[in-house]
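> show me how the following folds:
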Amino acid sequence: MEAVILLQRCSRTKRTFANRVEERSPGNWYKNWAFPIKDSRAKNEGYDKGSINGMLYTAEEYPGCPDCGSRSSVRCGTCRRLTCWSGETEMTCQWCGTYMTSIETMTKGTDFDSNSDA
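As a prediction, the model looks like this:
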């Protein structure tokens, strides 16, 4: 089983945290753990380069954001990074500042290619 770390930012505190995701079957990735991490440490560990290609799901055991507790994520169409999502219809990406009005949630599984352009 392959595991990767994907970084995410809290929509309330703007702090970065890491999601552990594992490929449970070909192309099916599950967020199953989250832990706070400083940007500098994430970069030193190479977590800023984590990427997957396939469907991203939220596992039942996933604890959610260490700050706000949200178990859902939204992916920015501009920078392709993850931000917590709590049901908003409009929000700002906590990575690049893009204002998003078409929210693509990642609660039940979303086609996710973190390497491709929007």
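
> which residues touch Ala59?
Tyr30, Lys31, Asn32 (C-beta atoms under 8 Å, 6 or more residues apart in numbering). C-beta here means a position set from N, CA and C on the backbone, and glycine is covered the same way.

> same thing with Thr92?
Thr92 neighbours (C-beta under 8 Å, 6+ apart): Thr98, Tyr99, Met100.

> same question for Tyr30.
Val21, Glu22, Arg24, Leu56, Tyr57, Thr58, Ala59, Tyr62.

> now which of those residues would you call buried?
Val21, Glu22, Leu56, Tyr57, Thr58, Ala59, Tyr62 (16 or more other C-beta atoms under 10 Å).

> kindly indicate which of the contacts of Thr92 lies nearest Arg71.
Set against Arg71, the nearest of the contacts of Thr92 by C-beta to C-beta is Met100 (18.8 Å).

> quickly list what the closest one is bridged to.
Met91 (DSSP bridges).

> ok, now how distant is it from Glu90?
Distance, Met100 to Glu90, using C-beta to C-beta, to the nearest Å: 7 Å.

> and the two? which has more neighbours close in?
Each of Met100 and Glu90 has its neighbours counted (other C-beta atoms under 10 Å); Met100 has more, 19 against 9.
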